[in-house]
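In: Give the three-dimensional model of this entry:
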Amino acid sequence: MNALILSDFSKVSCNAGRYAVDYFGEEPSNFYILNIDEFNFGSGVKRDNEIDSNRNKLTAYCRELEVYSDNLSHTFYPLLSIDNLINTLRKELTLKKIDLIVIGKASHITFNENEVPADHLYEVIRKIKTNILVVPDSTHFKRPEMLLLPVDFSVVSRSRVFRQIDHAGYVNSKKLMMISVDENMQSSQNLNSKKTEVIGFTKLFEEIHSKCDLILVIAKNLKICDYFFPSGTSGVSVPDNDLPILVLHE
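Out: Numbers count the residues shown, from 1 in each chain. Prediction:
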């Protein structure tokens with residue numbers, strides 16, 4: 001397993017790093033910890049000593065994760081880039097043969113100026129065709145048992161959904177709660193053999209999310225991606241969510 005963890009040295013990204021280490025606790029893995037210069041908010045043009053400072057922070061953080069991990073087959077590598085996020089990811093995904101990108105995210109609607117902004121997350125999901133694990137800051141690791149999968153079958157077939165899950169190779173839970181939704185994020189729920197009720201996904205999510213450990217999202221379901229990860233300029237409210245979300249690309 002080759003995982004790339006985006007880090008801005010915040011508590012949010014550090015929590016995501018620990019979650020990734022725990023998630024692959026028993027699997028031999030290479031973890032690449034990437035800091036992008038544009039994540040270091042308000043710093044302006046970098047002097048050499050500032051670049052060196054961030055490089056030292058990365059090295060120290062890699063050592064922290066190495067101590068945190070109890071698996072000797074876990075290896076940690078610092079990556080520092082002054083290029084933009086998308087260019088850097090495309091380059092490193094090819095060079096390092098990355099299987100998964102891990103990103104931390106604030107779990108509530110309030111905006112923290114020291115976290116990776118919503119537009120970065122939106123951009124990564126739309127432009128980078130690699131599986132992405134998004135970890136809310138309030139999430140503490142629990143081995144996922146019940147998975148929640150909202151899916152719009154007008155966009156992707158049932159067989160393709162399960163093929164993507166199987167292809168990921170690290171989605172091991174056998175319990176899956178699948179919710180079929182339409183393009184308006186509405187779901188038809190069977191009340192009995194003769195009656196169905198159309199319910200908004202937000203209402204369903206409020207009722208069932210406490211029973212789940214991880215959310216699966218098929219990247220081709222753009223409406224569902226936009227529901228959980230709206231563009232920062234869209235004006236759409238982000239749902240409160242403390243569950244990790246695994247976005248699966250083909």
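
In: what element comes up after the helix or strand of the chain with the lowest mean pLDDT heading to the C-terminus?
Out: Lowest on mean pLDDT, DSSP states H and E among the helices and strands of the chain sits strand 186-190, with a mean of 77. Downstream of strand 186-190, the next assigned helix or strand under DSSP states H and E is strand 196-200.

In: could I get whatever helix or strand comes next after that next one in CSV with only the CA atoms?
Out: Proceeding N to C from strand 196-200, the next assigned helix or strand is helix 201-208, under DSSP H and E. The C-alpha coordinates for helix 201-208 follow below in CSV (Å, rounded to 0.1, in the frame of the first residue of the first chain):
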residue,chain,number,x,y,z
PHE,A,201,-31.1,12.0,2.0
THR,A,202,-30.3,14.6,4.7
LYS,A,203,-33.1,13.4,6.8
LEU,A,204,-32.1,9.7,6.3
PHE,A,205,-28.5,10.6,7.0
GLU,A,206,-29.4,12.2,10.3
GLU,A,207,-31.3,9.0,11.3
ILE,A,208,-28.8,6.4,10.2
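
In: Quick check: buried residues in helix 201-208?
Out: For helix 201-208, the buried set under the neighbour-count rule, 16 or more other C-beta atoms under 10 Å, comprises 201, 204-205. Heads up, the C-betas are built off the backbone N, CA and C, glycines and all.

In: just stretch 211-220 next, same as before
Out: Neighbour counts over stretch 211-220 (16+ other C-beta under 10 Å) mark 212-220 as buried.

In: now the longest helix along the chain, how far from the centre of its chain.
Out: Using DSSP state H to assign secondary structure, the helix with the most residues in the chain is helix 48-68. Centroid separation between helix 48-68 and its chain, computed with C-alpha atoms, centre = their mean, to the nearest Å, is 22 Å.

In: neighbouring contacts of it?
Out: 7, 9, 14, 17-18, 21, 31, 33, 35, 37, 40, 43, 74, 76-80, 82 (C-beta atoms under 8 Å, 6 or more residues apart in numbering).

In: Restricting to C-alpha, output it in PDB.
Out: C-alpha atoms of helix 48-68 as PDB (Å, rounded to 0.1, in the frame of the first residue of the first chain):
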ATOM      1  CA  ASP A  48      15.100  29.600   2.200                       C
ATOM      2  CA  ASN A  49      15.000  29.400   6.000                       C
ATOM      3  CA  GLU A  50      11.200  29.200   5.900                       C
ATOM      4  CA  ILE A  51      11.400  26.300   3.400                       C
ATOM      5  CA  ASP A  52      13.900  24.600   5.700                       C
ATOM      6  CA  SER A  53      11.600  25.100   8.600                       C
ATOM      7  CA  ASN A  54       8.800  23.300   6.900                       C
ATOM      8  CA  ARG A  55      11.100  20.600   5.800                       C
ATOM      9  CA  ASN A  56      12.100  20.100   9.400                       C
ATOM     10  CA  LYS A  57       8.500  20.000  10.500                       C
ATOM     11  CA  LEU A  58       7.700  17.300   7.900                       C
ATOM     12  CA  THR A  59      10.700  15.200   9.000                       C
ATOM     13  CA  ALA A  60       9.600  15.600  12.700                       C
ATOM     14  CA  TYR A  61       6.000  14.700  11.800                       C
ATOM     15  CA  CYS A  62       7.200  11.500   9.900                       C
ATOM     16  CA  ARG A  63       9.100  10.500  13.100                       C
ATOM     17  CA  GLU A  64       6.000  11.100  15.200                       C
ATOM     18  CA  LEU A  65       3.900   8.800  13.000                       C
ATOM     19  CA  GLU A  66       6.700   6.200  13.000                       C
ATOM     20  CA  VAL A  67       6.600   6.200  16.800                       C
ATOM     21  CA  TYR A  68       2.800   6.100  16.700                       C
END
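
In: re the thing from before, among the contacts of helix 48-68, which ones are in helices?
Out: 14, 17-18, 21.

In: domains for the protein, by residue range?
Out: 2-136, 146-248 (automatic domain parsing).

In: Doesn't H120 belong to a helix?
Out: Yes - assessed by DSSP: H, G, I helix; E, B strand; the rest coil, H120 belongs to a helix.
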